[in-house]
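1. Provided below for reference: sequence and predicted model.
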2 protein chains.
Amino acid sequence: MDVDTRLLRYFAAVAEEGTLTGAAQKLFVSQPALTKQIRRLEDDLGVPLFVRSRSGMALTEAGRELAARVPALLDGWDEAVQATGRAARLLRLGFLDAGAVGAVHEVIAEFRRARPEWRVELRQFDWSDPSAGLARGEVDAAVVRLPFPGQEGLNVRELFVEERGVLLPARHPLANNGTVEFRELWDEPFVAAGAETGAWREHWLAAEEREGHPVRVGAVTSRPDEWLGAVAAGCVALAPASTARFYSHPDVVFRPVRGVSPSRVGLARPKGRTREATLDELLEAIARRLSRR
Amino acid sequence: MDVDTRLLRYFAAVAEEGTLTGAAQKLFVSQPALTKQIRRLEDDLGVPLFVRSRSGMALTEAGRELAARVPALLDGWDEAVQATGRAARLLRLGFLDAGAVGAVHEVIAEFRRARPEWRVELRQFDWSDPSAGLARGEVDAAVVRLPFPGQEGLNVRELFVEERGVLLPARHPLANNGTVEFRELWDEPFVAAGAETGAWREHWLAAEEREGHPVRVGAVTSRPDEWLGAVAAGCVALAPASTARFYSHPDVVFRPVRGVSPSRVGLARPKGRTREATLDELLEAIARRLSRR
DNA sequence: CTGCTTCTATAACCTGGTGGCATGGATGTG
DNA sequence: CACATCCATGCCACCAGGTTATAGAAGCAG
């Protein structure tokens, strides 16, 4: 019988979490999708894995047998992926926005000179996965924005802190001010990340700094160009200061904001994985460079 | 990064076989499908796994690393599937045609009385997989028709031998004869299994008994009802004698044939897997009953 | 008892992955 | 020089998997 490792991750998440709803949030998928997948797994195996109830999903005996084996299988696969990367002398780095990556390109160029036999791949991820590919094991390490959901399962090293400002349509009245008070933005329509990103979405809507004032969501997007487009079309969005340097749009302006917490940039890698010395070397170099700011 | 175990089996087959074309036959898929899948695996990993040449596919260093780990992962998964079956007291048997299964139903009924806590699931597979689900690990054991491709990788025990005859349209001139000479059928349009089944297809077209005379394929099908339908519509097809007892169609008749080898029925199970005592017990009972004929 | 909350299940719809067939291109071989 | 044997590509059909919206069941508070 064939399965996708994705399905195994789903199963493991539900087994651990005990509810579909909860697991769905951690996995960045909708609850109905999980319902269907878990049911399909049971159908394929011909064996019930959970007992459903109002309070959630409890493992059956067969489910416990499976749950006992799945983590090792997933780890085994991740290790195999890592091994092919090692064999091919490839290091994969994930990132979300050009701002956070900043001087990383220079570090990589130096690294390349020092270790010409290695290749470094820099992959950009969209905001549907705030872990920049780490959650799914698609990269060896990632430059991330803290905080994000799933962070606890990773090894995260904070690098630096950056003020957040706001992107405004060029014609917006506040676009003339030097600095904007966050309070003035409370009733503006915000660009938000997808609902599946939970706390990450909240953080970029600055839900905590609103003193209970409700959020108006004007657009939902997960990619930088759509994001700028939405602002040009009349929405507003919080953004780290570096955004102003790396992205630009004729009808969008960036203004500092008083009253929102800063954005923290970190370097993340999987927990407790076998260490690849060359990767450590690169990450160390990146950390040194970025922390300096 | 997520993969389907199917993709891993594909990779393992190509790695072992050394050619896409050859592996495709063993896997019962088309060669272009394999080409695409292997390429996708390489793209996902961001690492080339094979070096292509006119003579086939040679593993790269990274490919060897992967090939060294994949079998263990696949075995691990199969074992996990088996474990859930054990925990749920479930035995899965695959079969292809009602004829070969014959008295198995009675054996199962007896077994059920003796071990009421166990459940036996009898699953029918179509001819796109002559191993009746064993190749993909979908069953614990299977009643099969020998020979079939992939047989070497399994533990096969021959049970009995059964003459093959021919299914003819009722209005066919030969339908009046008592026994048909196979030679008389050489130019008839045959119903065949899909090209992906290789030697299995050949065997049921009796390619070896034609003394080089070419085959005329009148229809391709993988399911019993389509198969009978094709015969009713004017094709002919070889079939084991038991077919006459288990399938019937108003416009189709069965006649014995002289000059084709008989069909051998066997009981197959995965090689070198941990033995489940209860499964052994059931298989032993089936073997005893079927061999008696 | 009623309304709210918190679970899972179902329905309708959309998209992209996966496979099949037919065909092309490259490269040794009789 | 034709042929056989590989792998790659283009086009098409289908289904698995996702999303949103909504229903259904069951505790819990007033």
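-> Noted; the coordinates are in hand. Keep in mind it's a predicted model, so treat the numbers as computed, not measured.
2. what ranges do the strands span in chain A?
-> A:50-53, A:56-59, A:90-95, A:119-124, A:141-146, A:154-162, A:164-169, A:180-181, A:189-192, A:216-220, A:237-240, A:252-258, A:263-270 (DSSP state E).
3. turn these into JSON lines, columns for mean pLDDT.
-> Shown next, in JSON lines, are those (pLDDT from 0 to 100):
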{"stretch": "strand A:50-53", "mean pLDDT": "87"}
{"stretch": "strand A:56-59", "mean pLDDT": "86"}
{"stretch": "strand A:90-95", "mean pLDDT": "87"}
{"stretch": "strand A:119-124", "mean pLDDT": "85"}
{"stretch": "strand A:141-146", "mean pLDDT": "87"}
{"stretch": "strand A:154-162", "mean pLDDT": "88"}
{"stretch": "strand A:164-169", "mean pLDDT": "90"}
{"stretch": "strand A:180-181", "mean pLDDT": "90"}
{"stretch": "strand A:189-192", "mean pLDDT": "84"}
{"stretch": "strand A:216-220", "mean pLDDT": "78"}
{"stretch": "strand A:237-240", "mean pLDDT": "88"}
{"stretch": "strand A:252-258", "mean pLDDT": "91"}
{"stretch": "strand A:263-270", "mean pLDDT": "88"}
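4. in TSV, list those along with distance to DNA strand D and mean neighbour count.
-> Quick note: C-beta positions are derived from backbone N, CA and C, even for glycine. As requested, those are exported to TSV (distance: least, C-beta to the nearest atom of the strand, whole Å; neighbours: other C-beta atoms under 10 Å in any protein chain shown):
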stretch	distance to DNA strand D	mean neighbour count
strand A:50-53	7	13
strand A:56-59	11	18
strand A:90-95	20	23
strand A:119-124	20	16
strand A:141-146	20	24
strand A:154-162	21	17
strand A:164-169	23	23
strand A:180-181	30	17
strand A:189-192	11	22
strand A:216-220	8	16
strand A:237-240	19	23
strand A:252-258	25	19
strand A:263-270	21	22
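5. what about chain A, any weak spots by pLDDT?
-> Scanning chain A with the threshold set as pLDDT under 70 gives A:100, A:102, A:195-196, A:198, A:272-274, A:292-293.
6. what residues go with each domain of it?
-> A:5-83, A:89-161+A:264-291, A:164-261 (automatic domain parsing).
7. which one of those lies closest to chain B?
-> Chain B lies closest, by C-beta to the nearest C-beta, to one member of the domains of chain A: domain A:5-83, at 4.0 Å.
8. around DNA strand D, pick out the residues from chain A.
-> Proximity of chain A to DNA strand D, by C-beta under 7 Å from any atom of the strand, involves residues A:4, A:6-7, A:28-30, A:32-33, A:36-37, A:40, A:54, A:194-196.
9. tell me how far the longest helix seen in chain A is from the chain's mean position?
-> Secondary structure assigned by DSSP state H gives helix A:61-87 as the longest helix of chain A. Averaged C-alpha coordinates place helix A:61-87 at 22 Å from its chain's average position (C-alpha atoms, centre = their mean, to the nearest Å).
10. now stretch A:236-250
-> That offset, for stretch A:236-250, works out to 19 Å (C-alpha atoms, centre = their mean).
11. end to end on it, go ahead and measure it.
-> Using C-alpha to C-alpha, to the nearest Å, the end-to-end distance of stretch A:236-250 comes to 15 Å.
12. which of the residues of chain A next to DNA strand D fall within helices?
-> Using DSSP H, the residues of chain A next to DNA strand D in helices are A:R6, A:L7, A:P32, A:A33, A:K36, A:Q37, A:R40.
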